[in-house]
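Asker: Sequence first, predicted model second:
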Amino acid sequence: MANTAAPGGKTEPGIKAIRLRHPWRNTFAVVLVLIALLFIADAAMRPAYDWPAVGKYLFDQRISQAAFVTLQLTVYSMIIAIILGVTLAIMRLSPNPVVNSIAWVYLWVFRGTPVYVQLVFWGLIGTIYQSIDIGLPFTEPWVSFPTRVALSAFVLAIIGLALNEAAYMAEIVRAGLLSVDSGQEEAATALGMSWFQTMVRVVVPQSMRVIIPPAGNEVISMLKTTSLVTAIPFTLELYTRSRDIAAVTFDTVPMLIVASIWYLFFTSILMVGQYFLEKRFARGIGDRRPDKKTDDTTATITGVTPVVGSGRPTVVLPAADPPKGDH
Amino acid sequence: MRATVDIPMVVADRVSKSFGSNEVLKSISLEVKRGEVMCLVGPSGSGKSTFLRCINHLEVVSAGRLSVDGELIGYRETNNKLYEMRPKEAARQRRDIGMVFQRFNLFPHMTALQNVMEAPIRVKGLSKAGVEANARALLARVGLAERADYYPAHLSGGQQQRVAIARALAMEPKLMLFDEPTSALDPELVGEVLDVMQGLARDGMTMIVVTHEMGFAREVADSLVFMDGGVVVESGVPTEVLANPQHERTRAFLSKVL
């Protein structure tokens, strides 16, 4: 054995002791595994699940098309929701009381009513506002077209989902922006950076660390909320489409499983995406140095967190109680 | 108005500042000449940091006039009327005034090098290659050439503050403001930051330093201003003020910090 003695001392012999047993822990684990196995075995046999039908419809073209529509609904409404949410968050932080109040009322309405109710409303928009007129108020419109023609059920579904989601995104973004230490904005300002540069280069990248986890939740939640657009009514997305097929073939349970598998597939992809985004915006926050190759090897050999820097590790996160300069 | 060499770098003329009903600066008048190093000392709450922040318009003065290099800060004067500046104009004035903060305020998502390069690229619109060479030179000047690719979280407090100084210098300011640059540091790291500041002073930079480091004030500063309760109590050559304070309040303060 290599001489691993610490300078100035002999190596102490490792502690040899009988390890503490955890019999109940093990028993509980075994019971859980048995229950799970029983359930799986039972499910595999149970005729109501009708696995051959699941296999048959999983890649049915109608289903995969509907899955694609669901994905489109999610992506489009999320993009609009993020843009609108960022706008609302900045409005909420505005010193102008009118701007601030408008954003507050928006949040109050769209968070305070069920998304299903909102979607029914959007479905009725063509009845409430029969035509869309462009022109000056109280004069003959320059252009006028019927609402039902201008806004398809697909567009209404996106609008309905996006406007609801924007209210939630606004609060997430606002929390993120507020999480960045005010010293950051001050430092950027003192360097002569404009408000916009300060936001884009300094505040927003740092707030992303706080924004991404809940925003990822929202995307996954949105993917599932798309099943509510049947309220519009819009029927081409995954859930409604599989219900419609089931209504004809009476394969209700297998069709639900098919839809669930597709939803799980998409959420899994989204979770992977979220992981990489989080990693990207954790730059400078984690405990790794740029010369991490050397650090990593020591870390794997010793199993110890790399010792940071040559001095003490200093973290520039907003402290719970930051030291105040005098005024 | 064009600045000429004989105009002092900073002129404060009866500057006052209130936060609500709380008057933190009461009619401060002082001048800082080109190349002068001025130390502002005084107890907490005496208004020295606020005064410093007024100089680059991070705080807006309530009364009086403050000008840097002959240019009124925060306002435009036309026909004897003052107009509040647009954010863009205020930002242009701040470019020429470097500031170093007590808590460093480095951008944690950028490496030391990126921190130094950020403002020259974004604010001055300079080309990346030239800026990078200059940034590396500045990091070398503060003794951190080796640490260019480190994130702030992996630097010690003293190293972070030196990067912050390099970041401010990258804009080639004509005036540097230091707001208690060593107060957040472990005692053994204070020296490395003060050394860098001393080097700057030697190179002729005009500096205003809010500090509790009386040794630095004595050795490096050309003038020392003692503030208390929002007023300038006493000012003069550091060695004289420190050795022979004229006011009771100055004596009481110095007896605690020296």
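Answerer: Arrived safely.
Asker: rest of the way, CA atoms for contacts and neighbours
Answerer: Fine.
Asker: So in the chain, which helix runs the longest?
Answerer: Since you didn't name a chain, this refers to chain A. As assigned by DSSP state H, the longest helix anywhere in chain A is helix A:61-92.
Asker: um, chain B though
Answerer: In chain B, assigned by DSSP H, the helix with the most residues is helix B:187-202.
Asker: Check which helices and strands the very next helix or strand once past it sits against.
Answerer: Sequence-wise, the next helix or strand downstream of helix B:187-202 (DSSP states H and E) is strand B:206-210. Helices and strands touching strand B:206-210, by 3 or more Cα pairs under 8 Å, 6 or more residues apart in numbering or on different chains; DSSP states H and E, are strand B:37-41, helix B:48-55, strand B:175-179.
Asker: residues making contact with strand B:206-210?
Answerer: B:9, B:32-41, B:48-49, B:52, B:174-181, B:201 (Cα atoms under 8 Å, 6 or more residues apart in numbering or on different chains).
Asker: ditto for stretch A:52-72
Answerer: A:223, A:226-227, A:236-238, A:241-242, A:251, A:254-255, A:257-258, A:262.
Asker: ok, so of the residues you listed, who is nearest chain B?
Answerer: Nearest to chain B out of the contacts of stretch A:52-72 is residue A:223 (Cα to the nearest Cα; 31.1 Å).
Asker: Which residue, neighbours along the chain excluded, lies closest to the spatially most central residue of chain A?
Answerer: By Cα atoms, centre = their mean, chain A has its centre lying nearest to residue A:216, at 1.3 Å. Nearest non-adjacent residue to residue A:216, counting by Cα to Cα, 6 or more residues apart in numbering or on different chains: residue A:274, 6.2 Å away.
Asker: Up against chain A, what does the stretch 101-250 of chain B have?
Answerer: B:101-103, B:105-111, B:119, B:122-123, B:149-157, B:168, B:171 (Cα under 8 Å from any Cα of the partner chain).
Asker: Burial check on residue A:232, number of neighbours?
Answerer: 22 (other Cα atoms under 10 Å in any protein chain shown).
Asker: what's it in contact with, if anything?
Answerer: A:119-124, A:153, A:156-157.
Asker: Mind doing that once more with 7 Å?
Answerer: A:119-120, A:122-123, A:153, A:157 (Cα atoms under 7 Å, 6 or more residues apart in numbering or on different chains).
Asker: cool, and residue B:88?
Answerer: For residue B:88, the contacting residues are residue A:194, by Cα under 7 Å, 6+ apart.
Asker: angle of the helix or strand just after the longest helix of chain A against helix A:61-92?
Answerer: Sequence-wise, the next helix or strand downstream of helix A:61-92 (DSSP H and E) is helix A:97-112. Orientation check (axes from the mean of the first three to the mean of the last three Cα atoms, to 10 degrees): helix A:97-112 against helix A:61-92 gives 150 degrees.
Asker: Give me the residues contacting helix A:97-112.
Answerer: Taking Cα under 7 Å, 6+ apart as the rule, helix A:97-112 contacts A:88, A:91-94, A:164, A:167.
Asker: Now the two most distant members of those.
Answerer: The largest separation in the contacts of helix A:97-112, counting by Cα to Cα, is between A:94 and A:164 at 21.5 Å.
Asker: Of those two, give the one with the bigger neighbour count.
Answerer: Just comparing residue A:94 and residue A:164: by other Cα under 10 Å the higher neighbour count belongs to residue A:164, 26 against 14.
Asker: hang on, the earlier thing: which members of the residues of the stretch 101-250 of chain B next to chain A occur in helices, if any?
Answerer: Mapping those onto helices (DSSP H) picks out B:119, B:122, B:157, B:168.
Asker: now those in TSV, with distance to residue A:70, pLDDT and neighbour count?
Answerer: Listed next are these as TSV, based on distance: Cα to Cα, whole Å; pLDDT from 0 to 100; neighbours: other Cα atoms under 10 Å in any protein chain shown:
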residue	distance to residue A:70	pLDDT	neighbour count
B:119	44	96	24
B:122	41	95	17
B:157	51	95	26
B:168	51	97	26
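Asker: now, the most widely separated pair of those?
Answerer: So, those by Cα to Cα: farthest apart are B:122 and B:157, at 26.1 Å.
Asker: what residue ranges in the stretch 1-150 of chain B score low on pLDDT?
Answerer: In the predicted model of the stretch 1-150 of chain B, residues B:1-5 satisfy pLDDT under 70.
Asker: how about the strands in it?
Answerer: In the stretch 1-150 of chain B, strands defined by DSSP state E, counting those that start in this stretch lie at B:10-19, B:22-32, B:37-41, B:63-68, B:71-72, B:75-78, B:81-84, B:97-100, listed in chain order.
Asker: need those in CSV with mean neighbour count and distance to chain A, can you?
Answerer: Below are these laid out as CSV (neighbours: other Cα atoms under 10 Å in any protein chain shown; distance: least, Cα to the nearest Cα, whole Å):
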stretch, mean neighbour count, distance to chain A
strand B:10-19, 19, 9
strand B:22-32, 18, 7
strand B:37-41, 27, 12
strand B:63-68, 20, 15
strand B:71-72, 18, 16
strand B:75-78, 14, 16
strand B:81-84, 11, 17
strand B:97-100, 27, 6
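Asker: Export these as TSV, with columns for distance to residue A:60.
Answerer: Putting the strands of the stretch 1-150 of chain B into TSV (distance: least, Cα to Cα, whole Å) gives the following:
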stretch	distance to residue A:60
strand B:10-19	69
strand B:22-32	73
strand B:37-41	77
strand B:63-68	74
strand B:71-72	74
strand B:75-78	70
strand B:81-84	67
strand B:97-100	64
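Asker: If anything else comes up later, I'll come back, but that's it for now.
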